[in-house]
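S.K.: Make a model of this:
(2 chains)
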Amino acid sequence: MSSDVPDLPAAAIERVFREQYGRAVAALVRVFGDIDVAEEAVQDAFTAAVERWPSAGLPPSPSGWIITTARNRAIDRLRREASREDKYAQAALVRVRDEPEQEGAVRDDRLRLIFTCCHPALATGAQVALTLRLLGGLTTAEIARAFLVPEPAMARRLVRAKGKIRDAKIPYRIPDEADLPGRRRAVLAVVYLIFNEGHTASSGDRLSREDLCAEAIRLGRLLVELTPDDPEVMGLLALMLLVESRRATRTTPDGDLVLLSEQDRSRWDRGLIGEGQAIVRRCLQRNQPGPYQIQAAIHAVHSDAEAAAATDWRQIVQLYDQLLVVAPGPVVALNRAVAVAEVEGPDAALTLVDGLDLAGHHLFHAIRADLLRRLGRNGEAALAYETAIARVENATEREFLRRRLAALGGPR
Amino acid sequence: MKQYLLSIIQPDGPTPPPAALGKIMHDVGTLMQELKADGSWVFNGGLHPASTATVVRLQDGELLTTDGPFAEGKEHIGGVVVIKAPDLDAALAWARRFARAITLPIEVRPFQQERGG
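M.R.: So this is what the prediction gives:
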């Protein structure tokens, strides 16, 4: 590369493409009515950009350039295939409309595509994979790695899901008013699942897969941009930002888990906390509470405390009471019990925990163990730690529980 | 318009008591009329129990005839409805109404050929 051309290394082009991928695929799905056609076209445009951009420089509107180039390449490709009597190609070609791209239309395209990816007729694993692939622009290999699935298996999952969208004619549109709340919940659940998978990998030896958290937050920001009137969408983004703000302190340099109460709060990411708390405040003003907003508010209370001892546990218990009303369930009750332990003591909390039907859940045993330890019932605590260790799948969490068990000391 | 097969997944064994069955038949009848009035109806029919089924298959060039349903199981297809719908959401909306009326699971599958309008 000579010195007078703009410095556009392949990595920069790839980054631009990654950022614009969802926008471009969504627009092309509308134009061609077929996800595979859209994906191939965007891939073709990427190849064209790698050839052209290093000498011609970044176009004024990269996304416009990608969408126009992809559409032209797709039309060329479809014309070639249509002459070979490919009925899909013909059908797709018939749909092409030569309309100028408007920003509003593109925005709705992405929203439509999210609802298609998270359609209830698709299994959760397929919803997650499709969302990361089509909206997030992750490669099949990246998604496979993130979920510890062999790449061919992930590729099959994606092919099957896209096949079902095409053959069963899962629509590409924003759902009717009547279906919208349920369908929106499904979208939020997929984004939160991606975040949680990144935050505490459900199995494997690394506690977090930062890429998935970053991707979930990116999707969360996109949803806020696309549906600014939904407070739960804002609540989910705030929740993810506040949890993410503690990433650096959640583990020691050796990868060991550090409890919230023992984290170095001076190293929490103030930028993320400020952003998350501002969103929580906006949600409070709207006064339409929902599960994500309340969970975000709980994290905001933790973020407020300069030291663990300064945490306003009474407010946290109250928020859990609210959460139990809108999202009742034993896991919420378990988390509430942890807060109750700080207000009323471990004895009261243990009574609550023992009333929960959660014996298959490692956190139930881990929390019981901690409460028993604080009550000085070390023998029972050790047994509970052992049960938790037997059930936990994440290696970092397992190691943490082993250390807690060892710290009990002495024969039981 | 696409066509979808709605299969009613029925447990083997006795049918519901007459009172319950009467309500189901009434509700299904109403729904079927609505389906026809809407122009979405293509075909429907109930089936005799799976014990009346016979399977014919080609094996090593010979046609074998065997008694009973192809797949052993606790439930089989008890009836089918074929509908026309613009997309899966519309088909699922009908399926939900059938599931509520019949109180049995409904499997929705798209047909390969798109016929009619």
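S.K.: ok, now how distant is the most centrally placed residue in chain B from chain A?
M.R.: With distances taken as Cα atoms, centre = their mean, chain B has B:V80 as the residue nearest its mean C-alpha position (2.1 Å). B:V80 is 17 Å from chain A, where distance means Cβ to the nearest Cβ, to the nearest Å. Using the backbone N, CA and C atoms, a C-beta is placed for each residue, glycine as well.
S.K.: Buried ones in stretch B:47-54, by neighbour count?
M.R.: By 16 or more other Cβ atoms under 10 Å in any protein chain shown, the buried positions in stretch B:47-54 come out as B:A50, B:A53.
S.K.: Flag the helix or strand of chain A with the lowest per-element mean pLDDT.
M.R.: Ranked by mean pLDDT, DSSP states H and E, the helix or strand of chain A with the weakest confidence is helix A:87-95, at a mean of 63.
S.K.: and the longest helix along chain B, what other elements does it pack with?
M.R.: Ranked by residue count and defined by DSSP state H, the top helix of chain B is helix B:18-37. Taking 3 or more Cβ pairs under 8 Å, 6 or more residues apart in numbering or on different chains; DSSP states H and E as contact, the helices and strands that helix B:18-37 lies on are strand B:41-46, strand B:75-85, helix B:88-102.
S.K.: now those as CSV including mean pLDDT?
M.R.: Compiled in CSV, these are given as follows (pLDDT from 0 to 100):
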stretch, mean pLDDT
strand B:41-46, 96
strand B:75-85, 96
helix B:88-102, 96
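S.K.: in the chain, what spans have low per-residue confidence?
M.R.: Using chain A here. A:1-7, A:83-107, A:200-209, A:410-412 (pLDDT under 70).
S.K.: wrong one, I was asking about chain B
M.R.: Residue ranges of chain B with pLDDT under 70: B:114-117.
S.K.: let's see 90
M.R.: Scanning chain B for pLDDT under 90 picks out B:1, B:13-21, B:51, B:68, B:71-72, B:113-117.
S.K.: you'd agree A:I143 is up against A:R133?
M.R.: Yes - between A:I143 and A:R133 there is a contact under Cβ atoms under 8 Å: 6.3 Å.
S.K.: anything in contact with each of those two?
M.R.: A:L158 (Cβ atoms under 8 Å, 6 or more residues apart in numbering or on different chains).
S.K.: Residue 67: neighbour count?
M.R.: With no chain named, the answer covers chain A. Around A:I67 sit 25 other residues, with neighbours defined as other Cβ atoms under 10 Å in any protein chain shown.
S.K.: Hmm, no, I was thinking of chain B.
M.R.: 9.
S.K.: What's the separation between it and B:T52?
M.R.: 10 Å (Cβ to Cβ, to the nearest Å).
S.K.: what about the nearest residue to A:T139 once chain neighbours are set aside, distance to A:R112?
M.R.: Once flanking residues are discounted, A:T139 sits nearest to A:R133: 7.9 Å by Cβ to Cβ, 6 or more residues apart in numbering or on different chains. A:R133 is 16 Å from A:R112, where distance means Cβ to Cβ.
S.K.: Looking at those two, which has the bigger crowd around it?
M.R.: For A:R133 versus A:R112, neighbours defined as other Cβ under 10 Å are more numerous around A:R133 (25 against 19).
S.K.: I'd guess B:R57 is in a strand, am I close?
M.R.: Yes - assigned with DSSP: H, G, I helix; E, B strand; the rest coil, B:R57 falls within a strand.
S.K.: For it, which residues count as its bridge partners?
M.R.: B:R57 has these beta-bridge partners by DSSP bridges: B:L64.
S.K.: Around it, how many other residues sit close by?
M.R.: The tally of other residues near B:R57 (other Cβ under 10 Å) stands at 10.
S.K.: List the contacts of it.
M.R.: When contacts are counted by Cβ under 8 Å, 6+ apart, B:R57 touches B:L63, B:L64, B:T66.
S.K.: ok, now A:V25?
M.R.: Per Cβ under 8 Å, 6+ apart, neighbours of A:V25: A:I35, A:A38, A:E39, A:V42, A:L113, A:L134, A:L135, A:G137.
S.K.: Spatially nearest residue to it (excluding sequence neighbours)?
M.R.: In this structure, A:V25 finds its nearest non-sequential neighbour in A:A38, 4.9 Å apart by Cβ to Cβ, 6+ apart.
S.K.: for the one you found, helix, strand, or coil?
M.R.: Under three-state DSSP, the three-state class of A:A38 is helix.
S.K.: With A:A121 instead?
M.R.: coil.
S.K.: repeat for B:P69
M.R.: coil.
S.K.: tell me the contacts of it?
M.R.: By Cβ under 8 Å, 6+ apart, the contact set of B:P69 is B:A50, B:S51, B:A53, B:V55, B:H76.
S.K.: So the fourth one is in contact with B:T66, correct?
M.R.: It stands for B:V55. Yes - taking contacts as Cβ under 8 Å, B:V55 lies within contact range of B:T66: 4.9 Å.
S.K.: Please enumerate the shared neighbours of those two.
M.R.: Counting by Cβ under 8 Å, 6+ apart, nothing touches both B:V55 and B:T66.
S.K.: ok, then the element right after whatever helix or strand A:V224 lives in?
M.R.: For A:V224, the host element (DSSP states H and E) is helix A:210-226. Once the chain leaves helix A:210-226, the next helix or strand it forms, by DSSP H and E, is helix A:231-244.
S.K.: how much distance is there from that next one to the middle of the chain?
M.R.: Relative to its parent chain, helix A:231-244 has a centroid offset of 11 Å by Cα atoms, centre = their mean, to the nearest Å.
S.K.: That helix vs helix A:210-226, what angle?
M.R.: Between helix A:231-244 and helix A:210-226, the angle comes out at 150 degrees (axes from the mean of the first three to the mean of the last three Cα atoms, to 10 degrees).
S.K.: What is helix A:231-244 packed up against?
M.R.: Where contact means 3+ Cβ pairs under 8 Å, 6+ apart, helix A:231-244 is packed against helix A:180-199, helix A:210-226, helix A:270-286, helix A:291-304.
S.K.: for chain A, what are the nearby residues on chain B?
M.R.: Where chain B comes near chain A, counting by Cβ under 8 Å from any Cβ of the partner chain, the residues are B:K2, B:P86, B:D87, B:L88, B:D89, B:L92, B:V108, B:R109, B:P110, B:Q112.
S.K.: Make sure the fourth one is actually in contact with A:D167.
M.R.: This points to B:L88. No - here B:L88 does not reach A:D167: they are 9.6 Å apart, not a contact under Cβ under 8 Å.
S.K.: Which of the two has more residues huddled nearby?
M.R.: A direct count of neighbours by other Cβ under 10 Å for B:L88 and A:D167 places B:L88 higher, at 22 against 14.
S.K.: any idea how far B:F98 is from that one?
M.R.: For B:L88, the distance to B:F98 - Cβ to Cβ - is 15 Å.
S.K.: And for A:P228?
M.R.: Taking Cβ to Cβ, one finds A:P228 at 38 Å from B:F98.
S.K.: The two - which one has more neighbours?
M.R.: Taking other Cβ under 10 Å, A:P228 and B:F98 do not tie; B:F98 has more neighbours (24 against 10).
S.K.: ok, now which ones touch that one?
M.R.: Shown in contact with B:F98 (Cβ under 8 Å, 6+ apart): B:L6, B:I8, B:V28, B:L31, B:V81, B:I106.
S.K.: Now tabulate the residues you listed in JSON lines and tack on distance to B:G22 and neighbour count.
M.R.: Formatted as JSON lines, the contacts of B:F98 follow (distance: Cβ to Cβ, whole Å; neighbours: other Cβ atoms under 10 Å in any protein chain shown):
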{"residue": "B:L6", "distance to B:G22": "22", "neighbour count": "21"}
{"residue": "B:I8", "distance to B:G22": "17", "neighbour count": "22"}
{"residue": "B:V28", "distance to B:G22": "11", "neighbour count": "19"}
{"residue": "B:L31", "distance to B:G22": "15", "neighbour count": "18"}
{"residue": "B:V81", "distance to B:G22": "20", "neighbour count": "26"}
{"residue": "B:I106", "distance to B:G22": "20", "neighbour count": "19"}
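S.K.: count of neighbours near A:A359?
M.R.: 10.
S.K.: neighbours around B:T30, how many?
M.R.: By the criterion of other Cβ under 10 Å, B:T30 has 12 neighbours.
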